[in-house]
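Enquirer: pasted the sequence and its predicted model underneath.
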Amino acid sequence: MEIKLIQGDITEQEIDVIVNAANSSLMGGGGVDGAIHRRGGPAILEDCRRLRASHYGRGLPTGQAVATTAGDLPARWVVHTVGPVFSPAEDRSELLASCYRESLRVADELGASGAAFPAVSTGIYGWPMDDAARIAVGAVRATATRVAEVRFVLFSAHAYAAFERALGEAGSP
Ligand code: AR6
């Protein structure tokens, strides 16, 4: 698997799967979730509503992932995952790693050749960037998948630098 870093807007990525840092309601929100629904149009929310009704009446649990159409985005699917809210009192890193593993599992099931990830949980959910980057890179590297390209799409130079450091620390595949 090839891991690429991009500084930019994930909604502009041409790739099979765009991963969304959603919340368990799947009904949209701020941050990257808001941007994906805005750019992707109402078809994404329609799919999310159907999923709520059919499978996730209580919401999508933290650490899990589910796919919808990508609507008007230049992708084939959006995979929605729910990151944990950062807690200084409790180690929730396993849940954050699970977001990456489960999103890749869903992408694999779809037959996706590439998946673009934002830095899940590092915005509204408050996860410190360097730690989140290490968890993200570690989880992706440890996942067996046919997805050939994983692209981390980082909004800020600060986030990009953190992922660059994490990739360096993780060494070669
Ligand atoms: N492209 C790439 N990265 C982005 C973009 C974008 N267009 N917009 C923001 N980011 P956040 P969370 C970065 O808050 O912390 C929502 O309301 C951002 O700078 O989007 O997992 C959901 O509905 C940050 O580094 O997600 C949930 O309620 C990273 O994406 C809650 O926020 C994630 O920030 C989820 O919080």
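Expert: It's in.
Enquirer: please make it C-alpha for all contacts and neighbour counts, starting now.
Expert: Will do.
Enquirer: look up the closest residue to residue 3, ignoring the ones flanking it.
Expert: residue 150 (4.9 Å; C-alpha to C-alpha, 6 or more residues apart in numbering).
Enquirer: neighbours of residue 132, just the number please.
Expert: Residue 132 has 24 neighbouring residues, counting by other C-alpha atoms under 10 Å.
Enquirer: cool, and residue 148?
Expert: Residues near residue 148, counting by other C-alpha under 10 Å, number 13.
Enquirer: I'd say it and residue 15 touch.
Expert: No. Counting by C-alpha atoms under 8 Å, residue 148 sits too far from residue 15 to count as a contact (11.3 Å).
Enquirer: quick check: neighbours shared by the two?
Expert: Applying C-alpha atoms under 8 Å, 6 or more residues apart in numbering, one finds that residue 148 and residue 15 are jointly contacted by residue 114.
Enquirer: who in this structure is up against the ligand?
Expert: Proximity of the chain to the ligand (C-alpha under 6 Å from any ligand atom) is limited to residues 9-11, 21-23, 28-33, 35, 83, 118-126, 153-155.
Enquirer: one more pass at 5 Å, please.
Expert: 9-10, 21-23, 29-32, 118-125, 155 (C-alpha under 5 Å from any ligand atom).
Enquirer: and the helix or strand of the chain with the lowest mean pLDDT, how far out from the chain's middle?
Expert: Among the helices and strands of the chain, helix 157-170 carries the lowest confidence by mean pLDDT, DSSP states H and E, at a mean of 94. Between the mean C-alpha location of helix 157-170 and the chain-wide mean there is a distance of 17 Å, by C-alpha atoms, centre = their mean, to the nearest Å.
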